[in-house]
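Participant: coordinates only, sequence not included:
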């Protein structure tokens, strides 16, 4: 239904892999490289030219590299000069600006806005309407929920730009704001609507406005089971590489021995 | 201006009512049914195919049913397998995913994101940029303001999905977050920026982070008049079915005797 | 790359200045006036017709005036009956409704939503995903950060609409909500995630939920330098008209002697 070869523009300078589907009205600009078996749905813009394009006659579009198996949903805009690992997927109307580096198996929800100059590890899942400021550094297996904002200017407006850092396996719940320079360790959980600054150890539950360390997430016991859901990788496997293997076994063969 | 029959695609398997206008660049997929006297503006996607479409050769698009008198503004995406009552309207860039059931006279503001598997009663008005998680259940005459989020996973990430419930005539103010399993009664008011969990009786004012019961909304007296604006249906009628009749008289003929 | 004269619609009743570039798939409706040297990127809608258009046969589109040097990025929707000063720029997917008045050099970030019936002075910078309710009044050199909401209905739902007012040079940080009728003076700073009502003097730092006056912003000293960054115009000049001149010298020739 979406792939009728209607009103599509693909630059002759783009390199499109094998078995790639391109949706109606989609535009692919110069120097985009799309891996095999990818789907770019309708009305997308891939390799959006940078600001200089509007003002410099000799503008050359930098490379945009999309790994194999991508699924980019409609109306998404990916700027040039970014790199997306394999199996990258988006909801609708996602915006990713230049110099964004994504590992493998990352997912971005509808309307999520990545401001560029950021790095993500593998298997990061961002839900709808997340805002990631420049200079953010995000580890592996990080989940970020709707309306979370990562900021970077400690005294707005200024020319200082220091993003937040989030360790592997951490979870940032709905509506939380991370202030500039915040460091969240590994296996941590930031509560919904928190306003968080400062640095926190691994396994922290951080919550409130202003946000504070509440307890070790391993002490967050369920009323029903008396056990902690955290660290979550031992209790959640849908879509994870340890699905049907178990985290315990998987981690030892994949560089996460200490998690 | 918007209806020039330009770059429109309508599936031969769609059923379009009488006196329906379809805007330029709009796409209507298989098995969409649009009621009489509806307006679908430009650049919309109606009956967006579900995820299986990308991966299953024998995919059949489920029915999407839009009642009479709809007004869908530009760039809106309505997934297949949803039902919209009469006089449904949207702002721009709304997204509604599958298995969303709307009663009559519902309105969704610009960029609002309905995650699917939800039910709404009649006359619900959602303002711009509202996010409704799966398994939410919303009554009649519920108003939800910008940047409100209804969540559903108590221990993210997990496979548990328990949405929030909102009773008839309740109001959820700007930026509030309802935690999973929250139950808001009828005629209640959730304050701006609140973080709310738990269950609350009818006529509750709930506010704060963390959110708490503050008082009965009938005790929320205006400094000018000394009277309470709530329950609001007695004091607001623009666009309501009791306009020019009064809520008192209307409710007794319409199943809301006890409100 | 974006200007191939492909699928563009420009009303014969629009007046397009000299050296204006119009992107593919963009639509410019009746009575739009675009100043010289402007760029309207792809997939934009300029002069979006008002609600009456759908229902009145004799609808006439009001004028939309865009000053010289505009840069409107893709998928932006500007309603008719608004005025934009020179050098107006937007990110992607911005929505501006009718009766919005902008001074010169204003910038609106991606997905920002201006509800109409608002006024902005010169040099206002709104970041991504800001929501400005009707009847808001915003001074000169005001910066508003992502997910800020300006509201206007003190007892929702009602027919009362009293917007917030923000004085010159003030900063509203990420995720703050201004309640109806809030008055922020000049040179003030509203903290991230604050919920703010009431009236505040110039030079106020206001923060928290509920928001309170914390201190004079001139007392907000940096740990490193021992000096205050505020009032910021003395310490930030990128893109400002006092760049390379200094605020001290500039202000005396430009009507800001007392700032």
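Facilitator: Alright, I've got the coordinates. Remember, predicted model here, so these are calculated numbers, not experimental data.
Participant: so which residues on the stretch 1-150 of chain A come close to chain C?
Facilitator: The stretch 1-150 of chain A comes close to chain C at residues A:7, A:9, A:11, A:25, A:27, A:29-30, A:43, A:45, A:48-49, A:53-54, A:61, A:75, A:77, A:93, A:95, A:111, A:113, A:115, A:129, A:131, A:147, A:149, as judged by C-beta under 8 Å from any C-beta of the partner chain. The C-beta positions use only the backbone N, C-alpha and C, and glycine is treated the same way.
Participant: hmm, try it at 10 Å
Facilitator: Neighbours of chain C within the stretch 1-150 of chain A, by C-beta under 10 Å from any C-beta of the partner chain: A:7, A:9, A:11, A:13, A:25, A:27, A:29-30, A:43, A:45, A:47-49, A:51, A:53-55, A:59, A:61, A:75, A:77, A:80, A:93, A:95, A:97, A:111, A:113, A:115, A:129, A:131, A:133, A:147-150.
Participant: just the buried residues from those residues, in PyMOL please.
Facilitator: Filtering those down to the buried ones (16 or more other C-beta atoms under 10 Å in any protein chain shown) takes a single PyMOL command:
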select buried, chain A and resi 7+9+11+25+27+29+30+43+45+47+48+49+53+61+75+77+80+93+95+97+111+113+115+129+131+133+147+148+149+150
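Participant: just the residues of the stretch 1-150 of chain A next to chain C that are near chain B?
Facilitator: Counting by C-beta under 10 Å from any C-beta, A:7, A:25, A:43, A:75, A:93, A:111, A:129, A:147 from the residues of the stretch 1-150 of chain A next to chain C sit close to chain B.
Participant: kindly reformat those as TSV containing secondary structure, pLDDT and distance to residue A:230.
Facilitator: Compiled in TSV, those are given as follows (DSSP: H, G, I helix; E, B strand; the rest coil; pLDDT from 0 to 100; distance: C-beta to C-beta, whole Å):
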residue	secondary structure	pLDDT	distance to residue A:230
A:7	coil	92	48
A:25	coil	94	44
A:43	coil	97	40
A:75	coil	98	36
A:93	coil	98	32
A:111	coil	98	28
A:129	coil	98	25
A:147	coil	98	22
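Participant: from those residues, which single one is nearest residue B:235?
Facilitator: The closest of those to residue B:235 turns out to be residue A:147 (C-beta to C-beta; 31.0 Å).
Participant: so what's the closest one up against?
Facilitator: Going by C-beta atoms under 10 Å, 6 or more residues apart in numbering or on different chains, residue A:147 touches A:127-131, A:173-177, A:192-193, B:129, B:131, B:147-149, B:175, B:177, C:129, C:146-147, C:175.
Participant: among these, which are in strands?
Facilitator: Members of the contacts of residue A:147 lying in strands (criterion: DSSP state E): A:131, A:177, B:131, B:149, B:177.
Participant: need the pLDDT of the residue nearest to the fourth one when sequence neighbours are not counted.
Facilitator: This means residue B:149. With sequence-adjacent residues excluded and distances taken as C-beta to C-beta, 6 or more residues apart in numbering or on different chains, residue B:149 is closest to residue B:131, at 4.5 Å. Per-residue pLDDT puts residue B:131 at 98.
Participant: list the contacts of residue B:131.
Facilitator: With contacts defined as C-beta under 10 Å, 6+ apart, the neighbours of residue B:131 are A:109-111, A:127-129, A:145-147, A:174-175, B:95, B:111-115, B:144, B:147-151, B:177.
Participant: residue A:148 against residue A:132, yeah?
Facilitator: Yes. When contacts are counted by C-beta atoms under 10 Å, residue A:148 is listed as touching residue A:132 (8.5 Å).
Participant: and for those two, which residues touch both?
Facilitator: A:112, A:126, A:178.
Participant: would a markdown table of these with distance to residue A:70 and neighbour count be doable?
Facilitator: Converted to a markdown table, these look like this (distance: C-beta to C-beta, whole Å; neighbours: other C-beta atoms under 10 Å in any protein chain shown):
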| residue | distance to residue A:70 | neighbour count |
| --- | --- | --- |
| A:112 | 15 | 24 |
| A:126 | 15 | 27 |
| A:178 | 28 | 31 |
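Participant: a markdown table for these, including distance to residue C:137 and pLDDT?
Facilitator: Formatted as a markdown table, the shared contacts of residue A:148 and residue A:132 follow (distance: C-beta to C-beta, whole Å; pLDDT from 0 to 100):
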| residue | distance to residue C:137 | pLDDT |
| --- | --- | --- |
| A:112 | 32 | 98 |
| A:126 | 35 | 98 |
| A:178 | 31 | 98 |
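Participant: tell me the one of these nearest chain B?
Facilitator: Proximity of the shared contacts of residue A:148 and residue A:132 to chain B was ranked by C-beta to the nearest C-beta; the top entry is residue A:112 with 10.8 Å.
Participant: backbone phi and psi for that closest one, please?
Facilitator: Reported as degrees, to the nearest 10, the phi and psi values for residue A:112 are phi -60, psi 140.
Participant: that one touches residue A:96, doesn't it?
Facilitator: Yes. In this structure residue A:112 lies within contact range of residue A:96 using C-beta under 10 Å: 8.3 Å.
Participant: find residues that contact each of those two.
Facilitator: With C-beta under 10 Å, 6+ apart as the test, residue A:112 and residue A:96 both reach A:76, A:90, A:132.
Participant: can you count the residues close to residue A:249?
Facilitator: 10 (other C-beta atoms under 10 Å in any protein chain shown).
Participant: show me what the mean pLDDT comes to for stretch A:196-214.
Facilitator: Averaging pLDDT along stretch A:196-214 yields 97.
Participant: so does it get close to chain C?
Facilitator: Yes. Using C-beta under 10 Å from any C-beta, stretch A:196-214 reaches chain C at A:196, A:197, A:208, A:209, A:210, A:211.
Participant: go through these and say which is closest to chain C.
Facilitator: When the residues of stretch A:196-214 next to chain C are compared for distance to chain C (C-beta to the nearest C-beta), residue A:209 wins out at 5.2 Å.
Participant: test my guess that the closest one contacts residue B:209.
Facilitator: Yes. Between residue A:209 and residue B:209 there is a contact at 5.2 Å, judged by C-beta under 10 Å.
Participant: overlap in contacts of the two?
Facilitator: Contact criterion C-beta under 10 Å, 6+ apart; residues shared by residue A:209 and residue B:209: A:191, A:193, A:194, A:195, B:193, B:195, C:193, C:195, C:208, C:209.
Participant: bridged to the fourth one, which residues?
Facilitator: Beta-bridge pairing for residue A:195 (DSSP bridges): residue A:177.
Participant: pretty sure residue A:89 contacts residue A:71?
Facilitator: Yes. Assessed by C-beta under 10 Å, residue A:89 is found in contact with residue A:71 at 4.3 Å.
Participant: that's a helix at residue A:251, yeah?
Facilitator: Yes. According to DSSP: H, G, I helix; E, B strand; the rest coil, the state of residue A:251 is that of a helix.
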